[in-house]
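In: below are the sequence and a predicted model for it; my questions follow.
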Amino acid sequence: MIHPAPGPSPASRQPVPGRRPHLLGAALAATSMLLLSACGGNATAAGNTGERVDGGTIRYAHLQEVPCVYGGWVQQAYLSRQVLDSLVSQTDDGSIVPWLARSWKVSADRTTWTFQLKPGVKFTDGTPLDAQAVADNFDFWMDGGNGTVQAHIGDYYSSAEAVDATTLRVHLKAPYGPLLSALSQGYFGIQSPTALRTRTEQQNCEAPIGSGPFTVGEWKRGESITLHRNDSYDSAPANARHQGPAYVENVVWSFVQDNTSRYGSLVSDESDAIGEVPTVDFDDASSRFNAQQYVTPGRPVTLSLNTVQGPFTDRRVRQAFSYASDRRANVESAFLGVVPFEGNGYVSQTTPGYNASVAGDYPYDPAKAAALLDAAGWTGRAADGTRTKDGKELAVDIVFGLNSIVTQEGATALQNLQAQVKESGIKVNLHPVTQSEFFSGTYSTPDSYDAQLGYWTSPHSGILYINYRETTAAKPNNANTTFYNNPAIVSTIRHALSAGTTADANRFYAKAQQQLSDEAVAVGLYDQTSTIASRPDLKGLWLEASQGEPVFHDAYFTE
């Protein structure tokens, strides 16, 4: 993967012609999720009647550049959601509503799902979006087209078949309760099978062909991607704010890594909307602009502890590390109270099936940390106070992707933790790595870190299976960043995935979270969030409910 260069300073970029139609003339043609809106900026600007004006270009500034528009990383899903339609969509209360699929039913044994598709939908290359096209996408995903899709359904999926043009059957090996919720994510966006067959992998990476409200235009590496309106669009999900083509003509999706520059671009009118609002500016954004925060379901931002090599092979050391810092205070200080602390290192608080009691299992207790370390034999002390055992220091290496997985505020939270656990005699070495290093596999083996900071978005607690399915030589699981194998816990999670009722599923999910917490294989820090702030005269921009992806299809300017 290519490590992106920081985007140019907003002040150095020229305004994009046509970005706000009222300046050019009116002729330009939870719930299971927590979505907070700060509406201090909702009043229309002076002289603005609030009337919608179609057309124009939205200038949107995002934190980071991705290697591909389509892929298995949530940052890619943010982009592909603008271009690709999915079978279903998820609402703020967790309900599943139609999108490309008008309706669906499941067999009595819950292993065959039948979807009735909207008729007449076409990809932007003219290929019919019929049942065969969707079945081809399932085959593409399972053949390696998207690792995240495979992580969600790979162990349960059997086959997909087109019964007729508008009837799709998906066959499973065993019941998989969260299937519809999984399908609502951007990873499951449907691409033209013609494009997948006839174009190069790089072409489909950079400009996937879908049926969505926008198409991919020019990509200026290190600067921006331009999205163009699909004038024929008529397949929006049931929870869209309107049907038909997008109101605006273009979206210029720029990459501005520096927090000050990104927020400054909104303040100075160089951008109409920005993502990843810096926490230091969130209160200001809430009072001056339309600001929204989405707390992402799935696994929160968590320190996965290496359980097969190094000091964390000892459960007592893992538990001591969990007790050795006031994580809540560290997070609240780093994020100024804007991002929620998350003590549950396995499932975030907005995920169905969340076990709230697990979040309180390891409160700040340096006395307990000391007793556990003493019992584990780390009783000696080096000159700087670091504990020692058999002449070896208790030092741990923490790896994290700075400005790709972890923001600057997240890095500050880690620095706070580093300073605090030192008081218990634990030396932490922090290793920030680039996007390309983090995703290249360099830090994916037991000998490459003692702990790794990361998150996994998922609208269901089946994320536990993704992150804790056993990893073996015959069947490696790269998502198991703790390398922890426990067949009994995996069995509990499997019972949840195939449970006949939501109540039974949540009971098993809660049990699995407690089992993992007892083993202390991960340390929860904070919930991953998606934030966006936009000008008061830009309306209709919203964050969808499965992953917090911004939706530009319904956005429009007013005058």
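Out: Done, it's in. Residues are numbered from 1 along each chain as shown.
In: got a list of what Gly147 touches?
Out: Contacts here follow Cβ atoms under 8 Å, 6 or more residues apart in numbering; on that basis Gly147 touches Gly72. The way it works is simple: take the backbone N, C-alpha and C, and place the C-beta from them, glycine included.
In: roughly how far does it sit from Ala77?
Out: 13 Å (Cβ to Cβ, to the nearest Å).
In: need the overlap of contacts for these two.
Out: Counting by Cβ under 8 Å, 6+ apart, nothing touches both Gly147 and Ala77.
In: which parts of the longest helix along the chain are buried?
Out: As assigned by DSSP state H, the longest helix anywhere in the chain is helix 502-519. Within helix 502-519, the residues scored as buried using 16 or more other Cβ atoms under 10 Å are 505-517, 519.
In: from those, pick the one nearest Arg327.
Out: Nearest to Arg327 out of the buried residues of helix 502-519 is Ser517 (Cβ to Cβ; 13.9 Å).
In: hang on, that closest one packs against Asn344?
Out: Yes: between Ser517 and Asn344 there is a contact under Cβ atoms under 8 Å: 7.5 Å.
In: what's the overlap in contacts for the two?
Out: Shared contacts of Ser517 and Asn344, defined by Cβ under 8 Å, 6+ apart, are found at Val358.
In: how many residues are close by Thr379?
Out: Per other Cβ atoms under 10 Å, the neighbour tally for Thr379 reads 12.
In: quick one: residues contacting it.
Out: Thr379 touches Leu373, Arg387, Lys389, counting by Cβ under 8 Å, 6+ apart.
In: distance of Gln435 relative to Glu65?
Out: From Gln435 to Glu65 the distance is 8 Å (Cβ to Cβ).
In: circling back: can you name every helix or strand that the longest helix of the chain contacts?
Out: On a contact count with 3 or more Cβ pairs under 8 Å, 6 or more residues apart in numbering; DSSP states H and E, helix 502-519 meets helix 463-468, helix 487-497.
In: helix or strand next in line after it, which one?
Out: strand 522-526 (DSSP states H and E).
In: just the mean pLDDT for that next one, thanks.
Out: Here strand 522-526 scores 98 as its mean pLDDT.
In: for it, what is the distance to the chain centroid?
Out: In terms of Cα atoms, centre = their mean, to the nearest Å, the centre of strand 522-526 is found 16 Å from the chain centre.
In: number the residues from 42 up from this point.
Out: Will do, 42 is the new start, and the previous item becomes strand 563-567.
In: residues in contact with it?
Out: 341-346, 362-363, 368, 371-372, 376, 380-387, 400, 403, 451, 454, 458, 492, 494, 523, 557.
In: please report the distance of the closest residue to Asp150 other than its chain neighbours from Asn280.
Out: Nearest non-adjacent residue to Asp150, counting by Cβ to Cβ, 6 or more residues apart in numbering: Pro216, 7.3 Å away. Distance from Pro216 to Asn280, counting by Cβ to Cβ: 26 Å.
In: quick check: Ile231 is in a strand.
Out: No: read with DSSP: H, G, I helix; E, B strand; the rest coil, Ile231 is coil and lies in no strand.
In: show the contacting residues for it.
Out: Ile231 sits in contact with Leu125, Asp126, Ser127, Leu128, Leu141, Leu170, Ala174, Val175, Asn178, Gly251, Ser252, where contact means Cβ under 8 Å, 6+ apart.
In: what of Trp497?
Out: Residues counted as contacts of Trp497 (Cβ under 8 Å, 6+ apart) are Gly339, Arg340, Ile504, Ile507, Asn508, Ala520.
In: mind listing the strands the host helix or strand of it pairs with, and their directions?
Out: Assigned by DSSP H and E, Trp497 falls within strand 492-498. Here strand 492-498 is paired, per DSSP bridges, with strand 339-346 (antiparallel), strand 436-442 (parallel).
In: check which element follows the longest one along the chain.
Out: Which is strand 339-346. In N-to-C order, the element after strand 339-346 by DSSP H and E is helix 356-364.
In: which residues touch the helix or strand just after that following helix?
Out: Of the helices and strands lying after helix 356-364 in sequence (DSSP H and E), the nearest is helix 368-375. Helix 368-375 is contacted from outside by 380, 382, 384, 405, 450-451, 453-454, 457-458, 461, 564-567, using Cβ under 8 Å, 6+ apart.
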